[in-house]
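Peer 1: heads up, no residue letters with this:
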């Protein structure tokens, strides 16, 4: 799971052009939005597309659990692991 979490962190950095951050700078359990990384809804869309492309896992924007999946890197890793094709 650590490898997947680090891969997701790297994906976040690359997709959202966060060049000033490293994988080590992103706390696995920290919120991705608000007080954490400070991502916004546009970032969520871009990240969702990147996850679909990289892992062949679609995150339904209308799903009531989507906010929970995007809450942290740990949650994204759990979601991807559970839904990987």
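Peer 2: Noted; the coordinates are in hand. Quick caveat: nothing in here was measured; it's all calculated off a predicted structure.

Peer 1: show the low-confidence segments of this protein, by residue range.
Peer 2: Along the chain, the parts satisfying pLDDT under 70 run over 85.

Peer 1: could you redo the last one with a cut-off of 80?
Peer 2: Scanning the chain for pLDDT under 80 picks out 1, 61, 85.

Peer 1: list the buried residues in stretch 10-18.
Peer 2: Taking 16 or more other Cβ atoms under 10 Å as the basis for neighbour counts, the residues of stretch 10-18 that come out buried are 11, 12, 13, 15, 16, 18. For every residue, glycine as well, the C-beta is placed using N, CA and C.

Peer 1: in strands only, show me these.
Peer 2: When the buried residues of stretch 10-18 are checked against strands (DSSP state E), there are no matches.

Peer 1: list just the nearest of those residues to residue 44.
Peer 2: Among these, residue 16 lies closest to residue 44 (Cβ to Cβ), at 10.0 Å.

Peer 1: surely the closest one touches residue 47?
Peer 2: Yes - under the contact definition of Cβ atoms under 8 Å, residue 16 touches residue 47, with a separation of 6.9 Å.

Peer 1: how many neighbours does the residue nearest to residue 44 when sequence neighbours are not counted have?
Peer 2: Counting by Cβ to Cβ, 6 or more residues apart in numbering, the nearest residue to residue 44 once its immediate chain neighbours are dropped is residue 70, at 5.8 Å. For residue 70, the number of neighbouring residues by other Cβ atoms under 10 Å comes to 21.

Peer 1: need phi/psi at residue 70.
Peer 2: Summarising the backbone geometry of residue 70 under the convention degrees, to the nearest 10, its torsions are phi -90, psi 10.

Peer 1: so what's it up against?
Peer 2: 32, 33, 44, 47, 48, 59, 76 (Cβ atoms under 8 Å, 6 or more residues apart in numbering).

Peer 1: and residue 69, by the same measure?
Peer 2: 59, 63, 75, 76, 79.

Peer 1: hang on, the earlier thing: closest to residue 40 out of the buried residues of stretch 10-18?
Peer 2: Of all the buried residues of stretch 10-18, residue 40 sits closest to residue 16, with 10.0 Å by Cβ to Cβ.
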